[in-house]
Structure formats: structure tokens, C-alpha cells
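Visitor: Need the 3D shape of this:
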Amino acid sequence: MKSIYKTGLTLAGLALLFLLIGWANGHLNEYYSRVLNTAAIYIVAAVSYNLINGVAGQFSLGPNGFMAIGAYVTTLLILPVSQKQAVWFLQPLVWPLRAYSLPLWLFPVALLAGGAAAALGAFLIGIPALRLRGDYLAIATFGFGEIIFVLANNIIPLTNGPLGIKGIPNLPYLLWVTWGCAVLTVLAVTSLVNSSFGRALKAIREDEVAAEAMGVALFRHKMLALVVSGFFGGIAGGLLAFLVSTISPSAFTFFMTFTLLIIIVLGGLGSTTGAVVTAVIYTVLQELLRVVESPLDLGPVHIPGISGMRMVVISALLIAVMLFYRRGLFGGREFSWDWLWQKWTKRKGTSWNQTAASRS
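Guide: Here you go, the predicted model:
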């Protein structure tokens, strides 16, 4: 009964979500569709980042590098040959990328290739970095992100340097792709966290020495968590490139990592539910707070627009949340159908007891 209840609610929730996406795809204007796409991309990036940083407890600062790899690989595989010739006018693009491109309908294949390339990058950086702990691991992964940024600026035959890549084709079904990837990311990460692998990651987060004494292979588990996080980070980068229709190294600076760190800390380290909810909240806040950067006239007083005030307000909100919710909004807790089942059965049992008492 319980498993049927959980399966039914899951299928009903997914059906409702995709019905809403179908309605939004046909009725919302370009601005609101862009906000929804951005929220979905932040969900993919934040949930995957939370796996290594929140669940495994490894202080990584390199998701911007993974996103950059995924964005460039996906774009180079899909960008039409004619557009490649127009973009790379300083130096020609390397062969065979300048001569071949995948058709747009094979975008999922290019997206998976971008994720695989980012996962490979995570594996390579994880070999030396995951032997470190704490601040040293943070410094090593931060250096990886900076290396990718510098390479993207200087390898002109591959990335076109600071000029970036323009003219990325639009996807008419992008809203379906972004939210489909968000759902798959949440399901995949949730399944991992609830498995024996996820329990081992939590043990590593709490006490690495004790976990190793209990037989947990520290390096193997941390490496797998980093590779999975890198893979979905690359997926998020590829989606972001096709959302904004242009990419450059400046889009993948440390500020991107800082943004994801804000999201997972606000939601609660280790909480997938928190990462999803705060990713949506952060996206909406970014748009609502545009007013604080615009000029305002309060009677005779004129307040000029100040660029960057949105982040000042968001930082103030972050401080307030940390003062009153030191473990984040969700504090490591997760939304689950088991919780709803317990509430429903408890309420049902209470109503039955009240009915029986009234009859007696």
C-alpha cells in the first residue's frame, strides 16, 4: 500500500510538472520563459554541487570550471560550420571541429558529450586534489577553475579567446530540455544519496577516520561523487550556453561558484530539497531586485541607480538567514513521500479514533 502510494504521488507530481511546462512553453513570453530556464539550470548546477560539497562534505570550489568545459564542448559540437567560420576570424578553429557539426536535433548527444568531458576533467583534477582535505582541497579546486578560465581566454583556435562564441542556435524546445534535465538530476542525485553509496558519503562527511575504519574506501567514494558532480555541472554549462546564445570565459568566473555556494548554503548543506527550492528563490530574487539598481524618484529626492545592489541585498538576506537558520532553510532535511505518508496515516488514524470515540 505504502509503495503504491509513493509511486502514485511521484507519477502524479511529474505529470503535473510537465503539464505546467507544456502550458508555459505555449503561453509565457520570452522573458518569463528565460526566468524558468534559468531556474532549471541553477537546479541542475546546485543539486550536483551539493552532492560533493554538502553530502560528501568536500569543500570544492571548482564547479565553474566544470560548467565551462560542458558549455564549450556542447557548443563546438552543435554550432553550424558557417557560424564557426564567421566567429573564428582571428585564427581558424582546429580541425575537425571547423569542418563538421552535429545537427540541432542531436543536441542531447552534444549535451551528454559536454557532461562527459566535464566528468573527465573532474576525474583528472580529483586524482591529486582529493588526497587533500579542508582548505587545501578548496584551494586546489579553486585553482582548477582558474586554470580553465585562463585556458579559455588563451586557446583561441579552440575557444576564440575573450571574444567568445556567438550565434549559438536557439532551441524551440529548450524549456522541456532544461526542466527535463533538472528532474533527471534530482532523481539521480536523490537515488545516490539514499543508497549505500550516499550513506558512505555522509559517513565521510561526519568523520573520515571513522568511516575508513568501518571499511569505506575514501578516495573511491569521493572520486565518484566529484565525477558525478562534474558531469551534471557540465550539463548545466551546456544548457546555459544555449539559453544565452553566446558564451565567453567571463561567464564562468569564480562568481558562478560563489552563486552556487550561496544557493546550497541557504538551502542547507546536504539537502537536495533545499538546493532545489533556493535555486528557484534565488532566480526570482535576481529579477525582482532589479528595481534596486534602477534610478528612483522619492518626491524631491532622486536616487541614482547603483550597479551591483542586487548582490548587496542578497548578501544581507544571506547574513539574516545564517543568523536565524544556521544550518540553512532546510537544515539537511529532505521532502519525501514517507513524511507525507506518516502525516496522512497519523491524521487518518486520529479521525478514526475520534469517530470510534463519538460512537461509543
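
Visitor: for the stretch 201-350 of the chain, which spans come out with low pLDDT?
Guide: Residue ranges of the stretch 201-350 of the chain with pLDDT under 70: 298-299, 332, 335-350.

Visitor: What segments of it are helices?
Guide: 208-213, 218-244, 254-267, 272-288, 309-324, 337-359 (DSSP state H, counting those that start in this stretch).

Visitor: so which of those is the most packed in?
Guide: helix 218-244 (a mean of 25; mean count of other CB atoms under 10 Å). Any C-beta I mention is one placed from the backbone N, CA and C, and that applies to glycine too.

Visitor: so which of the helices of the stretch 201-350 of the chain gets nearest Ala86?
Guide: Closest to Ala86 of the helices of the stretch 201-350 of the chain, according to CB to CB: helix 218-244, at 17.2 Å.

Visitor: so how far is the closest one from its chain's centroid?
Guide: 9 Å (CA atoms, centre = their mean, to the nearest Å).

Visitor: Likewise for stretch 264-278?
Guide: Centroid separation for stretch 264-278 versus its chain: 11 Å, with CA atoms, centre = their mean.

Visitor: Just the residues contacting that stretch, thanks.
Guide: Residues from elsewhere that reach stretch 264-278, judged by CB atoms under 8 Å, 6 or more residues apart in numbering: 43, 46-47, 49-50, 53-55, 182, 186, 189-190, 193, 202, 205, 263, 279, 281-282, 318, 321-322, 327-335.

Visitor: and those residues, which are buried?
Guide: 43, 46-47, 49-50, 53-55, 182, 186, 189-190, 193, 202, 205, 263, 279, 281-282, 321, 328-330, 332, 334 (16 or more other CB atoms under 10 Å).

Visitor: Once you drop chain neighbours, what's closest to the residue sitting nearest the centre point of the chain?
Guide: With distances taken as CA atoms, centre = their mean, Ala45 lies nearest the centre of the chain, 1.2 Å away. Among residues not flanking Ala45 along the chain, Ala236 sits closest, at 3.8 Å (CB to CB, 6 or more residues apart in numbering).

Visitor: Next: Val216.
Guide: Going by CB to CB, 6+ apart, Val216 has Ala200 as its nearest residue, at 4.8 Å.

Visitor: Which strand or helix spans that neighbour?
Guide: For Ala200, the element it lies in under DSSP states H and E is helix 196-206.

Visitor: For that helix, buried residues please.
Guide: Buried residues in helix 196-206 (16+ other CB under 10 Å): Phe197, Gly198, Ala200, Leu201, Lys202, Ala203, Ile204, Arg205.

Visitor: between that helix and helix 218-244, how many degrees?
Guide: 100 degrees (axes from the mean of the first three to the mean of the last three CA atoms, to 10 degrees).

Visitor: Alpha carbons only: can I get helix 196-206 in PDB?
Guide: The C-alpha atoms that make up helix 196-206 are tabulated as PDB, following Å, rounded to 0.1, in the frame of the first residue of the first chain:
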ATOM      1  CA  SER A 196      24.600   2.700   0.400                       C
ATOM      2  CA  PHE A 197      26.900   4.900  -1.600                       C
ATOM      3  CA  GLY A 198      25.100   8.000  -0.200                       C
ATOM      4  CA  ARG A 199      25.300   6.700   3.300                       C
ATOM      5  CA  ALA A 200      29.100   6.200   2.900                       C
ATOM      6  CA  LEU A 201      29.400   9.800   1.700                       C
ATOM      7  CA  LYS A 202      27.600  11.000   4.800                       C
ATOM      8  CA  ALA A 203      29.900   8.900   6.900                       C
ATOM      9  CA  ILE A 204      32.900  10.500   5.200                       C
ATOM     10  CA  ARG A 205      31.400  14.000   5.800                       C
ATOM     11  CA  GLU A 206      31.000  13.300   9.500                       C
END
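
Visitor: what about Pro80, how many neighbours?
Guide: If you count neighbours by other CB atoms under 10 Å, Pro80 ends up with 15.

Visitor: I'd assumed Ser101 was in contact with it.
Guide: Yes: the pair Pro80 and Ser101 passes the contact test of CB atoms under 8 Å, sitting 5.5 Å apart.

Visitor: on that earlier part again, show the pLDDT at the residue nearest to the centre of the chain.
Guide: Ala45 is assigned 95 on the pLDDT scale.

Visitor: buried stuff in the helix or strand hosting it?
Guide: For Ala45, the element it lies in under DSSP H and E is helix 30-50. Neighbour-count burial for helix 30-50 flags 33-50 (criterion: 16+ other CB under 10 Å).

Visitor: the inter-axis angle of it versus helix 254-267?
Guide: Using the same axes, to 10 degrees: helix 30-50 against helix 254-267 is 80 degrees.
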